[in-house]
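**Q** Prediction below, plus the sequence it came from.
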Amino acid sequence: MFQFLHESNDRRVYQAEYCDERYLITYNSKTDEIEHVAPMLGTDAIVHLFKNYIHENR
């Protein structure tokens, strides 16, 4: 149901699958909060991961 994809700066990105739909979840382990949930539609997953990468490397 959940698959770990990426971690950087206390943020972990997971893929979740529920009822044949897939989502990306960004979880902040330092604050114990889910920061973002995005449905995965085609290239949306890559765009989400890239935006996280750019934000974390500014």
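**A** Thanks, I have the structure now.
**Q** my guess is Arg12 meets Ser29, correct?
**A** Yes. Assessed by Cβ atoms under 8 Å, Arg12 is found in contact with Ser29 at 6.1 Å. Every C-beta, even on glycine, is put in place using the N, C-alpha and C of the backbone.
**Q** Who has more neighbours out of the two?
**A** Taking neighbours as other Cβ atoms under 10 Å, Arg12 and Ser29 compare with Arg12 leading, 14 against 11.
**Q** Just say helix, strand or coil for the more buried one.
**A** In three-state terms, and counting by DSSP: H, G, I helix; E, B strand; the rest coil, Arg12 is strand.
**Q** For it, which non-adjacent residue is closest in space?
**A** Tyr27 (4.9 Å; Cβ to Cβ, 6 or more residues apart in numbering).
**Q** and the worst-scoring helix or strand of the chain on mean pLDDT, what does it pack onto?
**A** The weakest-scoring helix or strand in the chain, judged by mean pLDDT, DSSP states H and E, is helix 44-56 (a mean of 77). When contacts are defined as 3 or more Cβ pairs under 8 Å, 6 or more residues apart in numbering; DSSP states H and E, helix 44-56 sits against strand 2-8, strand 11-18, strand 21-28, strand 33-39.
**Q** How far away from the center of its chain is that helix?
**A** 8 Å (Cα atoms, centre = their mean, to the nearest Å).
**Q** With stretch 25-34 instead?
**A** That offset, for stretch 25-34, works out to 10 Å (Cα atoms, centre = their mean).
**Q** when you give positions from now on, start the count at 17
**A** Got it, first residue is 17 now, which makes that one stretch 41-50.
**Q** From one end of that stretch to the other, what's the distance?
**A** Distance across stretch 41-50, first residue to last, is 7 Å (Cα to Cα, to the nearest Å).
**Q** what about Tyr43, neighbour count?
**A** Neighbour tally, Tyr43, other Cβ under 10 Å: 18.
**Q** one step back: just the CA trace of the least confident helix or strand of the chain, in CSV.
**A** Extracted in CSV, the C-alpha atoms of helix 60-72 (Å, rounded to 0.1, in the frame of the first residue of the first chain):
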residue,chain,number,x,y,z
ASP,A,60,2.6,14.5,-12.0
ALA,A,61,4.8,12.2,-9.9
ILE,A,62,8.0,13.4,-11.6
VAL,A,63,6.9,17.1,-11.4
HIS,A,64,6.1,16.7,-7.6
LEU,A,65,9.5,15.1,-6.9
PHE,A,66,11.3,17.7,-9.0
LYS,A,67,9.6,20.6,-7.2
ASN,A,68,10.6,19.1,-3.9
TYR,A,69,14.2,18.7,-5.1
ILE,A,70,14.3,22.4,-6.3
HIS,A,71,12.7,23.6,-3.0
GLU,A,72,15.2,21.7,-0.9
